[in-house]
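Trainee: how would this look folded up:
(one chain, ligands or ions: 1)
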Amino acid sequence: MLVGTSAAAGCAPTNKILPAENFPAAAGKETMTERKDDRLWGGRFEREPNAQFDAFQRSFAFDRRLLPYEIAVDRAWANALEPIGIFTAAEVKQTLAALDKIAERAKTDSAWLESFGATAEDVHHFVEKALVEELGPLGWKLHTGRSRNELVTTDFRLFVIDAAAEIQRGVEALLNAFLMQAKANLGVPMAGMTHMQHAQPILLSHFLLAHAEAFTRDMTRLQHAAESADACPMGSGALAGNSFAIDRNAIARELGFSGITANSLDAVSDRDFALDYLFALSGIATHLSRLAEDFVIFASQEFSYVLLPDEYSTGSSLMPQKKNPDAWELIRGKTGRITGALVSLLTTLKGLPTSYQRDLQEDKEALFAAHDQIEEMVWVAMGAIAATKFNAERLRATATNPVLFATDAADYLVHKGVPFRQAHDLVGKVLREAERQGKSWTHLSLEDVQKISHFFEKDFLEGPSVEDVIANKIVPGGTAPECVRAAIAILQNRLNKRTTKRGA
Ligand code: ARG
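Mentor: Numbers count the residues shown, from 1 in each chain. Just a heads-up that it's a prediction; the model follows:
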């Protein structure tokens, strides 16, 4: 007998309402008396599972975190069972009320939830057990036509969508901290470095905004991860689809998805949304780690660019003078866990046959842990950035060493028509002479430099000021104060837009 399918209407479900007597409520009662235990799958087994294996295969200890999503999916499923005649209106009502009660009790009564620890295989089994406790055999009807394979990935998608939004709020707060510091320190020059060697002067604000750019890209990656998760698998069944013509779009709509997944077999095996999320988190971790490294170095006595905030530092049990940048070191250190989680899932997925495999149960723990870690890392970094005091005098001192103006000295010759490569070479010779005499190149005599090139005139030895050197970098994205002010306005604008969007 074909139930609720339509060959004529292409892939559109018939939504034919089946007579209630097709699904007599009493059927549940008979099976209940026959059942050995309340497993979801005990019927064809003669013997109980080995106790060690049984504990090994359960996931309730960690997937119970998905309970709010499981309940939401259950509610949508219950509603969808009515138009196709599996549930009467009264049964839907009873089921929804029971689901609400279970959700509430799980929130407030942890002992009750714990009491399922030894018996519920996973969060899906837990809800069914709790439903049967509440409703009797009616509780066994909700799973009609569906599989845990579609449930678990639907729950997980909903989790990732919320999780990405949560981390976006943290990254946004971090961006605000950078913005605040970039504004407060506008005008402070510092020695910009490449290869950890003094290179050219830049504004401290430019340095801070460089970090803000990286975290802005992370916001986009988080958004992308949420978008990959935004399709509802319900109706995919265990792998093949649903034989009751369930209205997949109605379920997706109720759950807030923008659409449904396209292929049932792919839907139960796809964890790309989880990979995308872990990749976004790995990006954040990598950026945080780089930021941490900068600040650990800046806090060293040799640099003394920043004053470590007491609130984000710890001391030594032995050396009374110590103040250590532990917040930054731990952020740097925890990065390994996040990239580890990404590699862990990639490795789990590699070589799996198409379709649901139990290996996929391994997708959750590492992602939950990575999410929790990033959440803490981002907020601690935000607090540490906001509380950091910059040593403006020290930063300025590093930026005003004329050796950092060597490129500008070569540009001086370029303005006189000397080809750049030659100018580079001539200034190199000036610097070598200055090093030989043990003084700054600006303190050489006119004679000394004219021996190297007659293009050097008296004004050459005055050297440019750090302000001039920085102001000359007047291109979009450059470190000239006007450009940095424009960059601050752009960041401010982006953050304002997000706030308005959230408020709307
Ligand atoms: N706990 C399982 C998971 O996390 C749920 C799906 C189990 N499906 C199954 N056929 N055993 O993936």
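Trainee: which bits of the stretch 301-450 of the chain sit near the ligand?
Mentor: Arg358, Leu360, Gln361 (CB under 6 Å from any ligand atom). From N, CA and C alone the C-beta is placed, and that goes for glycine too.
Trainee: ok, of those, which come out buried?
Mentor: Buried by 16 or more other CB atoms under 10 Å: Leu360, Gln361, out of these.
Trainee: which residues are in contact with stretch 329-343?
Mentor: Contacts with stretch 329-343, where a contact means CB atoms under 8 Å, 6 or more residues apart in numbering, come from 275, 278-279, 281-282, 284-286, 288-289, 291-293, 296, 366-367, 369-370, 373-374, 377, 380-381.
Trainee: so what's the residue count around whatever residue of the stretch 401-504 of the chain ends up closest to the ligand?
Mentor: Of all residues in the stretch 401-504 of the chain, Arg502 sits closest to the ligand, with a separation of 32.2 Å (CB to the nearest ligand atom). Burial of Arg502, expressed as a neighbour count using other CB atoms under 10 Å, amounts to 11.
Trainee: quick one: the strands in the stretch 251-400 of the chain?
Mentor: Taking DSSP state E, counting those that start in this stretch, the strands of the stretch 251-400 of the chain run over residues 306-307, 389-390.
Trainee: buried deepest among those, which one?
Mentor: With neighbours defined as mean count of other CB atoms under 10 Å, the strands of the stretch 251-400 of the chain peak in mean count at strand 306-307, which reaches a mean of 18.
Trainee: ok, Val123 touching Leu67?
Mentor: Yes - in this structure, Val123 sits in contact with Leu67. The criterion is CB atoms under 8 Å, and the distance is 5.6 Å.
Trainee: with neighbour numbers in mind, choose between the two.
Mentor: Neighbour tally, Val123 and Leu67, criterion other CB under 10 Å: the higher count belongs to Val123, 25 against 19.
Trainee: can you check the pLDDT for that one?
Mentor: The per-residue pLDDT reported for Val123 equals 98.
Trainee: so it versus the ligand, what's the distance?
Mentor: Note on Val123: its distance to the ligand, by CB to the nearest ligand atom, to the nearest Å, is 8 Å.
Trainee: nearest residue to that residue in space, please, no chain neighbours.
Mentor: Once its chain neighbours are removed from consideration, Val123 has its nearest residue in Asp63; the separation is 4.5 Å (CB to CB, 6 or more residues apart in numbering).
Trainee: what does Ala76 give?
Mentor: Glu254 is the one closest to Ala76 (CB to CB, 6+ apart), at 4.1 Å.
Trainee: kindly report the same for Ala231.
Mentor: Beyond its immediate neighbours in the sequence, the residue positioned closest to Ala231 (CB to CB, 6+ apart) is Thr261, lying 4.6 Å away.
Trainee: likewise for Asn185?
Mentor: Across the structure, with CB to CB, 6+ apart as the measure, the residue nearest Asn185 apart from its sequence neighbours is Leu204 (4.9 Å).
Trainee: residues near the closest residue to Thr153 other than its chain neighbours, how many?
Mentor: Sequence neighbours aside, Pro233 is the residue nearest to Thr153 in space, at 5.2 Å (criterion: CB to CB, 6+ apart). Taking other CB under 10 Å as the criterion, the count of residues near Pro233 is 29.
Trainee: kindly report the same for Glu365.
Mentor: Glu365: 16 neighbours (other CB under 10 Å).
Trainee: hmm, Arg65 and it touching each other?
Mentor: No - the pair Glu365 / Arg65 is not scored as a contact, 9.7 Å apart, by CB under 8 Å.
Trainee: any stretches of the stretch 151-300 of the chain with poor pLDDT?
Mentor: Low-confidence segments of the stretch 151-300 of the chain, defined by pLDDT under 70, are absent; every residue clears the threshold.
Trainee: interface residues of it facing the ligand?
Mentor: Taking CB under 6 Å from any ligand atom, the part of the stretch 151-300 of the chain that reaches the ligand is made up of Val152.
Trainee: now do the helices in the stretch 151-300 of the chain.
Mentor: Secondary structure of the stretch 151-300 of the chain (DSSP state H, counting those that start in this stretch): helices at 204-229, 248-255, 264-269, 272-299.
Trainee: can I get the buried part of the contacts of stretch 329-343 as one ChimeraX selection?
Mentor: Selection command for ChimeraX covering only the buried members of the contacts of stretch 329-343, criterion 16+ other CB under 10 Å:
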select :275,278,279,281,282,284,285,288,289,291,292,296,366,367,369,370,373,374,377,380,381
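Trainee: quick one on the thing from earlier: starting at the chain centroid, how far to whichever helix or strand the residue of the stretch 401-504 of the chain closest to the ligand is part of?
Mentor: Here Arg502, judged by DSSP states H and E, is contained in helix 481-503. In this view, helix 481-503 has its centroid 21 Å away from the chain centroid, taken as CA atoms, centre = their mean, to the nearest Å.
Trainee: got it, and stretch 76-87?
Mentor: Taking the mean C-alpha point of stretch 76-87 and that of its whole chain, the gap between them comes to 36 Å (CA atoms, centre = their mean).
Trainee: just give the number of residues close to the closest residue to Ala280 other than its chain neighbours.
Mentor: In space, and not counting its chain neighbours, Ala280 is closest to Arg221: 3.8 Å by CB to CB, 6+ apart. Each residue near Arg221 was counted by other CB under 10 Å, and the total is 19.
Trainee: next: Arg248.
Mentor: For Arg248, the count of nearby residues is 22 (other CB under 10 Å).
Trainee: distance check, it against Ala61.
Mentor: Distance, Arg248 to Ala61, using CB to CB, to the nearest Å: 31 Å.
Trainee: same check, this time on Trp379
Mentor: In this structure, Trp379 and Ala61 are separated by 26 Å, where distance is defined by CB to CB.
Trainee: more neighbours: these two, which one.
Mentor: Relative neighbour count places Trp379 above the other of Trp379 and Ala61, with 15 against 12, counting by other CB under 10 Å.
Trainee: quick check: the more buried one touching Ala173?
Mentor: Yes - with contacts defined as CB under 8 Å, Trp379 counts as touching Ala173 at a distance of 7.0 Å.
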